[in-house]
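A.B. asks: The sequence and its predicted three-dimensional model are supplied below.
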Amino acid sequence: MSFPIVVLISGSGSNLQALIDQSLQGQLNVNISAVISNKADAYGLERAKQAAIPTHTLDHKLFESREAFDAELQKIIDQYSPKLVVLAGFMRILTESFARHYEGRMLNIHPSLLPKFKGLDTHQRAIEANEKEHGVSVHFVSAELDAGAVIIQASTEISSNDTAESLGNKVHTLEHIIYPLAVKWFSEDRITFHDGKASFDQTVLPESGIRYNEALK
Ligand SMILES: Nc1nc2c(c(=O)[nH]1)N[C@@H](CN(C=O)c1ccc(C(=O)N[C@@H](CCC(=O)O)C(=O)O)cc1)CN2
Ligand SMILES: NCC(=O)N[C@@H]1O[C@H](COP(=O)([O-])[O-])[C@@H](O)[C@H]1O
């Protein structure tokens, strides 16, 4: 496997599992070199162990500052010399120096149609805002929270009887399709990042930030 990646998690790891599955099925030619969690009880750590992927737990509560946590996190990550760092439900805001260190080679999946609903509790906020649609965005990670160049988005309608949970389930399904797709494109050098912007090989997308609804039919 010529394309090492490191995945950061904080919770269940269903997006990690989607990457593991597609890698094992030969649809994604990456080597998940390590999985790192800031939460010891993250089920994603179990998923990694079941796939014989090295795991690390780094409890942010044990560090005096965000900078100290990020410095240790960077040390662990760089042992693996990844070509890509994948945030998959990683729930810590990263410092500017950390974001700059991995600029152009760190992705995040965010459960909203950015730039709408940056931050947390996005499903409930979309419902309360009477949005007609909601969805998910894969983007490069920048120092500014949830503001990096968007690579791919997928959307779903919000039904009148949707709850944050039912909407979250619909979004999760979309995530498990578009995150492996974005990682695949990046690993095949069909997405590049320059000067804060994402650009795409013409075989992928005519322009950045495309909605990829048709992929879900
Ligand atoms: N510098 C950046 N760091 C992170 C980004 C980013 O774009 N730039 N994306 C986030 C992921 N994320 C949303 O997609 C996100 C994660 C966490 C938070 C947050 O408020 N975290 C709190 C703790 C919350 C908790 O522990 O439950 C915090 O860090 O104090 C907002 C958005 C990953 N990092
Ligand atoms: N702000 C970041 C954020 O909320 N990310 C969200 O965390 C979940 C992780 O699920 P998973 O652990 O099952 O992959 C995903 O829904 C992802 O969009």
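C.D. replies: Arrived safely, thanks for sending. Numbers count the residues shown, from 1 in each chain. Ligands and ions are numbered 1, 2, ... in the order given.
A.B. asks: And whichever strand or helix holds Gly44, what's buried?
C.D. replies: Gly44 belongs to helix 43-50 when assigned by DSSP states H and E. Buried positions in helix 43-50, judged by neighbour count with 16 or more other CB atoms under 10 Å: 43-45, 47-48. All C-beta atoms are positioned from the backbone trio N, CA, C, and that covers glycine.
A.B. asks: likewise stretch 33-46?
C.D. replies: 33-39, 42-45.
A.B. asks: helix/strand/coil for Gly135?
C.D. replies: strand (DSSP: H, G, I helix; E, B strand; the rest coil).
A.B. asks: So it sits against Gly168, correct?
C.D. replies: No - checked against CB atoms under 8 Å, the pair Gly135 and Gly168 is beyond contact range at 11.6 Å.
A.B. asks: which of these two has more neighbours?
C.D. replies: Ranked by neighbour count (other CB atoms under 10 Å), Gly135 and Gly168 place Gly135 first, with 28 against 17.
A.B. asks: can you pull up the bridge partners for the more buried one?
C.D. replies: According to DSSP bridges, the partner residues bridging Gly135 are Ser155.
A.B. asks: hang on, the earlier thing: would you reformat the buried residues of stretch 33-46 as TSV and include pLDDT and distance to ligand 1?
C.D. replies: TSV is the format used below for the buried residues of stretch 33-46 (pLDDT from 0 to 100; distance: CB to the nearest ligand atom, whole Å):
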residue	pLDDT	distance to ligand 1
Ser33	98	20
Ala34	98	18
Val35	99	16
Ile36	99	13
Ser37	98	12
Asn38	98	8
Lys39	98	8
Ala42	98	12
Tyr43	98	16
Gly44	98	15
Leu45	98	16
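A.B. asks: quick one: the helices in this structure?
C.D. replies: Applying DSSP state H to the chain gives helices spanning 14-24, 43-50, 66-78, 96-101, 122-128, 164-187.
A.B. asks: In the fifth one, which residues are buried?
C.D. replies: Going back to what we said before, that points to helix 122-128. Applying 16+ other CB under 10 Å to helix 122-128 flags 122-123, 125-127 as buried.
A.B. asks: Quick check: of these, which lies closest to Phe186?
C.D. replies: Nearest to Phe186 among the buried residues of helix 122-128 is Thr122, at 23.6 Å by CB to CB.
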